[in-house]
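>>> need the 3D shape of this:
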Amino acid sequence: MANPAHQAELDDMRRRNKRRVKRVRAQGVLQGVVSMLRAGDIVFDCGANVGDVTVQLAQSGAQVHAFEPDPVAFSRLSERFADADNVTLHNVAVGTQDGVAPLMRAHDFKVDPAAKSSRSTIVEGGYLMADQGEMTTQVKIVDLPRLIRETAAAQGQIAFVKMDIEGAELDILEAMEQHDLFDAVRLTVVETHQGKFPALRPRLKALRKRFAAKYPATKVNLEWT
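Sure, this is the predicted structure:
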């Protein structure tokens, strides 16, 4: 029988390796996307945080719309892209309707606000998040499916949509599926957060099954980072 401590160490190593492989794969996808983008293409970076993906997208010459709700991250984002004519910054969360909601932070947010802002979320029930009310701030929400529909109608197909939005992606994906909005986007990539939100796992599992049957990974990729 395996030593429990040794088994736990092996399990942790496997998880870290799996995350590493996903990061490398996501970077490869991003490099491929950037190489195919052209000046004038429209890109949505949802959950831009401090702009590490945004900067690569912007280097292609595409028109990048970066959405980031956390004021701490948005401040860094604003400094970084102050002189970028092809980057439009939106200090909002994305969801399925316009409104206002509390933005909840990681339990250790105060240790390093800039780094921990990547875990900020408008979705309740996240693992290792502070209690609602503690370190919570109100943020605006924009209806992303509506924005995608209106942008595509006015300007043509959106080239690329990236979503890393800490649990809010599930509602948006279901809405886009319901209203056939993936046709309005050349490629959508999404980081799902089943590890952070156990209550969402059954819905996400069902969605993954449906999407695998309906969309190739070159159209909708749910394995982003």
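>>> now the chain, which segments are flagged as low pLDDT?
For the chain, the stretches flagged by pLDDT under 70 are 1-2, 11-12, 15-26.
>>> and the strands in it?
In the chain, strands defined by DSSP state E lie at 42-46, 63-67, 87-90, 93-95, 99-103, 137-143, 158-163, 185-190, 220-221, listed in chain order.
>>> ok, the residue nearest the centre of the chain - contacts?
Nearest to the mean C-alpha position of the chain, by CA atoms, centre = their mean, lies Asp164 at 1.2 Å. Counting by CB atoms under 8 Å, 6 or more residues apart in numbering, Asp164 makes contact with 46-47, 49, 53, 190-191, 224-225. No exception for glycine: its C-beta is placed from N, CA and C like everyone else's.
>>> surely Ser118 is in contact with Ala73?
Yes: using CB atoms under 8 Å, Ser118 is in contact with Ala73, at 7.3 Å.
>>> shared neighbours of the two, anything?
Listed as contacting both Ser118 and Ala73 by CB under 8 Å, 6+ apart are Asn49.
>>> between the two, which one's more packed in?
Set Ser118 next to Ala73 and count neighbours by other CB atoms under 10 Å: Ala73 wins out with 23 against 16.
>>> so what's the residue nearest to that one when sequence neighbours are not counted up against?
Take Ala73 and drop its neighbours on the chain: the residue closest to it by CB to CB, 6 or more residues apart in numbering is Ser117, 4.1 Å away. Taking CB under 8 Å, 6+ apart, we find Ser117 in contact with 49-50, 70, 72-73, 105, 109.
>>> kindly recompute the last result at 10 Å.
By CB atoms under 10 Å, 6 or more residues apart in numbering, the contact list for Ser117 reads 49-50, 68-76, 103, 105-106, 109.
>>> same check on Arg119?
The contact partners of Arg119, by CB under 10 Å, 6+ apart, come to 49, 70, 104-109, 126-129, 166, 193, 196.
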